Structures are given as C-alpha cells and as structure tokens.
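J.: Got a predicted structure here, sequence first:
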Amino acid sequence: MTLLAVQNVSKSFAGLKALQNVSLRVERGSIVGLIGPNGAGKTTLFNVIAGVMKPDAGRVVFDGTDVTGWPAYRIARLGIGRTFQLMKPFDSLSVLDNVTVATLQRHRNRKEAREVAMEVVERLGLGQWANKRASVLSTAGYKRLELAKALGLEPSLLLLDEVLAGLVPSERTRVVELLREIRGEGVTMLLVEHVMSAVMALSDHIHVLHHGEMLASGTPEEVTKDSRVIEAYLGEEEHHAGA
Amino acid sequence: MEVLRRFDRDLLVLAAGVLVLIPVPLFLSGFLLEVAIQTLLFGLLGVAWNLMGGFAGQFSFGHAAFFGIGAYATAVVVTDYGLSPWIGMLLGAALAAAFGVLVGFLSFRYGLKGVFFALATFAFAEMLRLIFRSLEAVNAARGFNIPIQSGNPWLTLQFPQGSPNYYYVILALLALTLLVVILLMRSRAGTFILSIRENEDAAAALGVNPMRYKLLAVAVSAALTAIGGAFYVQYFFFIDPDLAFGAGVSIQILLPAIVGGIGTIWGPVVGALIIIVLGQGSTALVRTPPPFLDVLQGVSGLDVAIYGALIVLVVLFLPRGVFGTLRERLRAA
C-alpha cells in the first residue's frame, strides 16, 4: 500500500531545472533510498514533499491526501517528519525543549509532552544533555537532535536528509541500528544518503536522481548493476575515491 | 524541567517583588516618587516590547504606534465621551492588538526580517503620527488635555498631584504585564514562539505555524504597550501626536530591554531602573552639581550627553544587557 506518491513533479530555479518530471512511490512500512550525485535535486525533492517549496508541476499525495502546495507546518502535523541536511537546532533552547516543540503537536499537555520528549531524547543517547542548551552539542549530537526532533512528531513517514554524514563509523552503526528499530515500529522512511553501505543495507528500494531526472530505480542489487547508474553516480564516486 | 522550574521561580520573584515594592511610597515622595513611577512605567513598556523584540525575535522600532493608540483611545474616551479611562485602556489595548496583527501580517506575509522589519514598524508608527497630526477628529497637532472628571478617583484614574495612588496603579499594571508574559512564555504557545525565533523553517517542520505564533506575540505585546500609553495620558494629563507616536518614544520603549537584557523576563525591569536613574541622575547632577564639579552647572544638553555616554558604555561592555550578562555569569559559575 502506497504511503507517499510523488507524481511528475517539476521544479525550476531561474531557468535551472532542478527537478524534471520526477515520480516515486514509497510503500507503507518500507525504507526507500534516494541517491544521486551532488546537485541531482535530492534536497529539492525533499523540500517539495515537506512543503518548503511548491512544485511548478506535478502532485504530492500522502496517505491518500493531495498535499501539493500545503505549508510545511500542515504537512508536518499530518505525519511527515524531516531532518535537515544543514542542521537547524533551536540553539538557545535546551535539548529537551527542542524535542518538546515537536511532541507538543500530539500532546497538548505540557507535562506529558515533556515526558514523551524525554523518552525520545534518552533513546537517542542525548539524555545527559537534556537540560543543556542545544548549542553545547557536537556535530554528531546535532545530527541526533535532528532525528530526535523529527521522531518527536511521531510521524508515519520520516524524510531523512543525510543523517549519517559527518558521523564516525561506530556512531553510524548505532544510528543504522536505531533506524531499523524505528522501522520495526512501523515508521516508513525516505532517505537521502551518501554513505553507500548504509543505503544499500537499509533500503528495500532505491531511486537514483541525476540532473533532476529519475535515472533508475529498483532493489539495491538492480541499481548497483545498472550501467547508467554506474556511469552517472558510482563511477563518479570511484573517481572521487581515486582522487 | 529546567524551563518549567525557571518560570515557576519567576512567578515567586514576581510575588516577592510586588510585596517589597508596595511600601515604597512610605519612604519616597515628590521627585523621587515620580522617578519610581516612571521606572515602573518604562519597565512595563520594556517588558511588553521584549515579548515581541526579545522572545519572538521580531525587532520593533515602532512600538510608539501601540503606545500612541493606547494613549489616544484613552484621551478620546475620557475627553469626548466622559467615560472611565479604564474603558479607554481596554479599547486601546484591543485596537493596538488589531493594528499589530495588521502590521505583522503585512510584514511577515512579504517576508520582512531583521532590519527591514524594524524599518517597516518604524514607518507604520510615523504614518500614524502624520495622520494624527492632520486629523481634526483627534484635535490634530494640538492633541488632548485631559479634563478633570468627577467621581470615584479609582474609576477616573485621577489623583491629586503627588498622590502615591499613581504608584500603586502602575505597580499593579506592571505586575499584570509581567504575569501575562511569564504565563504566556511557559505555555505551549511560548515554546513555539521561542522555536520560531531560533529557526523558523525548523519550527514549521515540527508543525508550528510561524505566522500564527508571531502574530500572537505581536498582538499581546501591542496590547500591553497600549496599557502603558493609557496610563501615561492619565498621569501627565496631556497627549499630542509627537508624544504619542514620535520616534523618540519607540526608542525609549526598546531601550530598557536592550540595556537590561533582551529576551529575559527581568532584563527590561532592571534596564528601566538603570535608564531612569541614569537619566534623572545626570539631570540632577547638571542642575545642582557637587562643589568640585560646579563648572557643569547649567551647561545645556550636558545631562543628555552624560546619559548617552553611559548607555553606550552599558551596551559596549554588557552586550547581553546588565541582567542578561549577570545571569550568564552565574550560570557559568
């Protein structure tokens, strides 16, 4: 059953075609990876789904509701949580309050909202910083805080924009484990990620964006064998690796 | 937990502060009582400004608009209709909130931020000043002299010169303003207001409607400022467009928060005390200097220069304001 359907979405910035006729589907309970070289349009697609940008054409349907052009806050309330690639913490608020902003949406009682937020904070290993200002956190801490805030919404769909980037391998493993656990609770995920091993390990299905167009899609095995993908993306990666 | 406790502590400080300040008129009279009343009035205005400029992060350079609306609503209600100034105060608060929502909606709708938003608020205040200067229905540039009303002085809000009752009224109004701001900031809405200040996009991604909560902060801030304007009219018995809507008024309203500590509950109160004491102190110093400084006697404009220099020093060395810096130091210790 389809939870999210992006249908023929296009978006241009001053003539630059960031997305051209892009479609994808995310089945309920699945993890879908979205990969592609830098500038392929991944973050733009996230912004269109999350309501930060209006598409020039096409539709976004979430859980049977056409949410195209809805403001970001309404889409969030409907159950789409997102993280930002460039992290956006509420720096002068405590870590706990950062997450409480999210939990207050479903728990109007402040005490209850704080208790739920505390559970999320503990779960992400931020417990010892709960009452500290968010600005004391390291990059890895900020990454986890992004995830904690999105989870605080109790979303049915998570849009994860490079939550593993900038983490050392041991931290990566922990976050990957956590994402598996969250999926086990029935949360669907669409993730943009540069860390290939993680995308391949987590995703049921992968879409490849290139120059704003959907280049290929399929299971991780299919995608890695696709010659166009190898040329456009993996080849470039190898090139980078060699440089 | 920390925030909850912090605001509970604020309520205790408020109660204790009011209790301590009630007997002040027993010790002060004449000039010093006037200084105390002005301090409380500018404390009120500063606390009100700080809700919008500090907690909501929407820097207003035009709070005179709200102050003036409160002042004029009261003057009209008392002078033209012979009603109680309390009615004018409520009417002024409602009108100021509505005007604030209008200004806020137009500015936020077109994405005005920072300096541009501040300029827009300034322009709206100037617009009101110019309109009121030429509007005969509100006596144009002549303004209003408040007539003496008969009846219960607590209803007419008119007391004999030097009466401590003005002090009690403004103390109660300041306490009410602080109570409103403390309760708002510890509520669900308060958390959302702070999150928008910190990062609007991130707040929206968590389901917070930025427009709604920014307008809420503006409306409450405007209404509270108008209450200060209403008191001003009843205290000085006079208002005209420059005294109500002038740029100087906007600056006087934002200074207590800047000097005391922007985005803190108590900063504007501390700031108002510092500003009024510095201002009145430098005036008194120039009027009757001690013997070794008698060259200063009667040098015109010197008091303003001293006052200005002291403010520059505070802003230079305590960029988070006096209260804000103290709190930071204590927290670090």
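T.: Received, thanks. Numbering: from 1, shown residues only, chains lettered A, B, ... in the order given.

J.: Enumerate every residue touching the residue nearest to the spatial centre of chain B.
T.: What sits nearest the mean C-alpha location of chain B, by C-alpha atoms, centre = their mean, is residue B:45, with 0.9 Å. Going by C-beta atoms under 8 Å, 6 or more residues apart in numbering or on different chains, residue B:45 touches B:63, B:67, B:225, B:228, B:252, B:253, B:256, B:272. Where C-beta positions appear, they are placed from N, C-alpha and C, glycine not excepted.

J.: cool, residue A:17 as well?
T.: A:10, A:11, A:212.

J.: Excluding sequence neighbours, find me the nearest residue to residue B:109.
T.: residue B:211 (7.8 Å; C-beta to C-beta, 6 or more residues apart in numbering or on different chains).

J.: Now that residue A:155 has come up, it's in contact with residue A:81, right?
T.: Yes. In terms of C-beta atoms under 8 Å, residue A:155 counts as a neighbour of residue A:81; the distance is 3.4 Å.

J.: Quick one: low-confidence residue ranges for chain B.
T.: The model of chain B has pLDDT under 70 over residues B:1-7, B:332-333.

J.: So which residues of the stretch 101-250 of chain B form helices?
T.: Along the stretch 101-250 of chain B, counting by DSSP state H, counting those that start in this stretch, helices occupy B:114-134, B:153-156, B:165-185, B:188-198, B:200-205, B:210-236, B:241-245, B:247-260.

J.: how many neighbours does the residue nearest to residue B:109 have?
T.: 16 (other C-beta atoms under 10 Å in any protein chain shown).

J.: wait, it sits on residue B:108?
T.: Yes. Look at residue B:211 against residue B:108 with C-beta under 8 Å: they come within range, at 5.7 Å.

J.: Buried ones in stretch A:118-125, by neighbour count?
T.: By neighbour count on 16 or more other C-beta atoms under 10 Å in any protein chain shown, the buried set for stretch A:118-125 is A:118, A:120, A:121, A:123, A:124, A:125.

J.: would you turn those into CSV with secondary structure?
T.: As requested, those are exported to CSV (DSSP: H, G, I helix; E, B strand; the rest coil):
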residue, secondary structure
A:118, helix
A:120, helix
A:121, helix
A:123, helix
A:124, coil
A:125, coil
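
J.: between the residues you listed, which is nearest chain B?
T.: Lowest distance from chain B to the buried residues of stretch A:118-125 (C-beta to the nearest C-beta) belongs to residue A:118, with 8.6 Å.

J.: quick one: low-confidence ranges for chain A?
T.: A:233-243.

J.: Now with 90, please.
T.: Within chain A, the ranges that satisfy pLDDT under 90 run A:1, A:14-16, A:36-40, A:85-86, A:139-140, A:163-175, A:193-201, A:211, A:214-217, A:220-243.

J.: Skip the chain neighbours and tell me the closest residue to the residue nearest to the spatial centre of it.
T.: What sits nearest the mean C-alpha location of chain A, by C-alpha atoms, centre = their mean, is residue A:160, with 1.5 Å. Leaving aside its chain neighbours, residue A:160 sits nearest to residue A:191 (4.2 Å; criterion: C-beta to C-beta, 6+ apart).

J.: Run through the strands of chain A in chain order.
T.: A:2-13, A:16-27, A:31-35, A:57-62, A:65-66, A:80-82, A:157-161, A:188-192, A:205-210, A:213-218 (DSSP state E).

J.: Near chain B, which residues of chain A are found?
T.: Near chain B, the residues belonging to chain A are A:50, A:52, A:71-73, A:76-77, A:81-82, A:84, A:88-94, A:96-98, A:100-102, A:104-105, A:108, A:110, A:113-114, A:131, A:149-150, A:152-153 when assessed by C-beta under 8 Å from any C-beta of the partner chain.

J.: Please list only the buried members of those residues.
T.: Counted by 16+ other C-beta under 10 Å, the residues of chain A next to chain B give A:50, A:52, A:72-73, A:76-77, A:81-82, A:84, A:88-90, A:93-94, A:96-98, A:100-102, A:104-105, A:110, A:113-114, A:149-150, A:152-153 as buried.

J.: Let's see which of those end up in helices.
T.: A:72-73, A:76-77, A:96-98, A:100-102, A:110, A:113-114, A:149-150, A:152 (DSSP state H).

J.: Closest one to residue B:300 out of those, please.
T.: residue A:97 (51.5 Å; C-beta to C-beta).

J.: The closest one and residue B:191 touch, don't they?
T.: Yes. The pair residue A:97 / residue B:191 is scored as a contact, 6.5 Å apart, by C-beta under 8 Å.

J.: Taking strand A:31-35 as reference, get the angle to the lengthiest helix in chain A.
T.: Secondary structure of chain A per DSSP H: the longest helix is helix A:169-184. Between helix A:169-184 and strand A:31-35, the angle comes out at 130 degrees (axes from the mean of the first three to the mean of the last three C-alpha atoms, to 10 degrees).

J.: which strands and helices sit next to helix A:169-184?
T.: helix A:139-152, strand A:188-192, helix A:196-202 (3 or more C-beta pairs under 8 Å, 6 or more residues apart in numbering or on different chains; DSSP states H and E).
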